[in-house]
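Undergrad: predicted structure and sequence below. I'll ask about it afterward.
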Amino acid sequence: MRVLGIESSCDETAAAVYDTEGGLLSHALHSQVEMHADYGGVVPELASRDHIRKIVPLVERVLVAADVDRRGIAGVAYTAGPGLAGALLVGAAFGRSLAFAWSVPAVGVHHMEAHLLAPMLEPDPPAFPFLALLVSGGHTQMMAVEGVGRYRTLGQSLDDAAGEAFDKTASLLGLAYPGGPALARIAAAGDPERFRFSRPLTDRPGLDFSFSGLKTQVMTRLREQMEMHRGAHVDVIESLRADIARGFEEAVVDTLLIKCRRALKQTGYERLVVAGGVGANRRLRARAAEMGEATGVSVTYPRPEFCTDNAAMVAYTGTWRLGTPDVASSGLGFGVRARWPLEDLPPVPARPP
Ligand code: KG4
Ligand code: ZN
């Protein structure tokens, strides 16, 4: 089955074609990062308008790159939530209209299920069951995954998501939006020992996360250090920022991995998947791989470009979801879900590999 996937939940417009036999045939993405940078974050109305501008050329491009025409597409999958309602509506309206015009089925895909299944796009996909650490800009969740649509939430963030904590901390450090990758870049040159921030909620049982306090710790430490180094040479300030960034990154990565070890022990699972935008973080990937080697757990993550938002994961998820009940839409009508718990998704029967 060959599926066209469309992603427009936030600030990336993307399209892809996935074939259950041939794998990923094509994918393309337009990032709105530059457009939102002046505002320090995503402006929902601008995001929606830009999705409208980019969606048609992107879909045309992936069809040409995959060397298929409309007759070669068996269904259209688009992200129906969670995300920005206006942005989601662009992909949903376009995806469903296209499917109607082409007389093929359409399905609204859950964005976090797509992140969770993204490792399946890689050459050595994990077998079920596995533990999934989903770390994106809007969500931080520890999921027990027994199959497609068979998810149990073991823990989640009580406040800021991991990516949100990266972005807010980056902004405190004076880094431009989107802060996560920029913070990781300066942290690479930082000293991991100079500043130690806490590992929130690791001193008590449970698998929930809380990252908002870390940002406050960074703010306090930064103020105090800037005061101490007032008038210092620019290099001193640069290395101060790098060291703080590194201390923060270590705290987040450590916290995530402490909880992963705990969840692996609790479930008895032997496979861990790390997915979502923060899964592109090099330090997290390296430390997760080290943990895997030390414990015998197999650790899988998507390639970095499929950790962050993309349509390849949406098209792939569509190959499972087309033909199952569409919980967001019916008939000619369609809906999107700005909020949508993963556990609300119906299970999908296993299919032959
Ligand atoms: O999954 P994603 O692309 O979008 C959402 O579904 O939210 O995740 C975006 C988040 C942002 O907060 C971004 O700063 C963070 O992922 N991120 C990173 C890195 N790359 C992206 N955080 C830390 N290190 C990175 N290398
Ligand atoms: Zn995402």
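TA: Here it is on my side, so go on. Ligands and ions are numbered 1, 2, ... in the order given.

Undergrad: so after the helix or strand that contains Asp235, what's the next helix or strand?
TA: Assignment of secondary structure by DSSP states H and E places Asp235 within helix 234-267. Elements were assigned by DSSP H and E; along the chain past helix 234-267, the next helix or strand is strand 271-275.

Undergrad: so which residues on the stretch 51-200 of the chain come close to ligand 2?
TA: Applying CB under 5 Å from the ion, we find that the stretch 51-200 of the chain lies next to ligand 2 at Ser136. From N, CA and C alone the C-beta is placed, and that goes for glycine too.

Undergrad: show me what contacts the closest residue to ligand 1 within the stretch 51-200 of the chain?
TA: When scored by CB to the nearest ligand atom, the stretch 51-200 of the chain has Gly180 as its residue closest to ligand 1, at 2.0 Å. Gly180 makes contacts with Gly137, Gly163, Phe166, Asp167, Ala170, Gly277, Val278, Asn281, as judged by CB atoms under 8 Å, 6 or more residues apart in numbering.

Undergrad: compute the first-to-last residue distance for stretch 68-88.
TA: Distances were taken as CA to CA, to the nearest Å; on that basis the terminal residues of stretch 68-88 are 26 Å apart.

Undergrad: likewise stretch 72-89?
TA: Distances were taken as CA to CA; on that basis the terminal residues of stretch 72-89 are 25 Å apart.

Undergrad: closest one to Leu58 out of the contacts of Gly180, please.
TA: Taking CB to CB as the measure, Gly277 is the one of the contacts of Gly180 closest to Leu58, at 19.8 Å.

Undergrad: about what we covered before: which element is the residue of the stretch 51-200 of the chain closest to ligand 1 on?
TA: Gly180 belongs to helix 179-187 when elements are defined using DSSP H and E.

Undergrad: return the residues of this structure in contact with ligand 1.
TA: Within the chain, the positions near ligand 1 by CB under 6 Å from any ligand atom are 10, 136-138, 163-164, 166-167, 178-181, 184, 276-278, 280-281, 308-309.

Undergrad: in helices, which of those residues fall?
TA: Judged by DSSP state H, the subset of the residues of the chain next to ligand 1 located in helices is Gly163, Glu164, Phe166, Asp167, Gly179, Gly180, Pro181, Ala184.

Undergrad: of those residues - the most surrounded one?
TA: Among these, the one with the most neighbours (other CB atoms under 10 Å) is Phe166, at 32 neighbours.

Undergrad: pretty sure that residue sits against Gly279.
TA: No - contact status for Phe166 versus Gly279: not in contact, 12.0 Å apart, counting by CB atoms under 8 Å.

Undergrad: what helices or strands is whichever strand or helix holds Gly5 leaning on?
TA: Element membership of Gly5, judged by DSSP H and E, is strand 2-7. Counting contacts by 3 or more CB pairs under 8 Å, 6 or more residues apart in numbering; DSSP states H and E, strand 2-7 packs against strand 12-19, helix 44-66, strand 75-81, helix 85-102, helix 312-321.

Undergrad: quickly run through the sheet partners of that strand, with directions.
TA: On the basis of DSSP bridges, the sheet neighbours of strand 2-7 come out as strand 12-19 (antiparallel), strand 75-81 (parallel).

Undergrad: a markdown table for these, including mean pLDDT and distance to Arg49?
TA: Putting these into a markdown table (pLDDT from 0 to 100; distance: least, CB to CB, whole Å) gives the following:
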| stretch | mean pLDDT | distance to Arg49 |
| --- | --- | --- |
| strand 12-19 | 98 | 11 |
| strand 75-81 | 97 | 18 |
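
Undergrad: the ones you listed into a markdown table, with extra columns for distance to Lys215 and mean neighbour count?
TA: Supplementary listing: the strands paired with strand 2-7 in a markdown table, determined by distance: least, CB to CB, whole Å; neighbours: other CB atoms under 10 Å:
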| stretch | distance to Lys215 | mean neighbour count |
| --- | --- | --- |
| strand 12-19 | 24 | 27 |
| strand 75-81 | 27 | 28 |
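
Undergrad: and these: which comes nearest Leu257?
TA: Proximity to Leu257, assessed across the strands paired with strand 2-7 by CB to CB, is greatest for strand 12-19 (27.2 Å).

Undergrad: quick one, the closest one and helix 312-321 angle?
TA: Taking axes from the mean of the first three to the mean of the last three CA atoms, to 10 degrees, strand 12-19 and helix 312-321 form an angle of 50 degrees between their directions.
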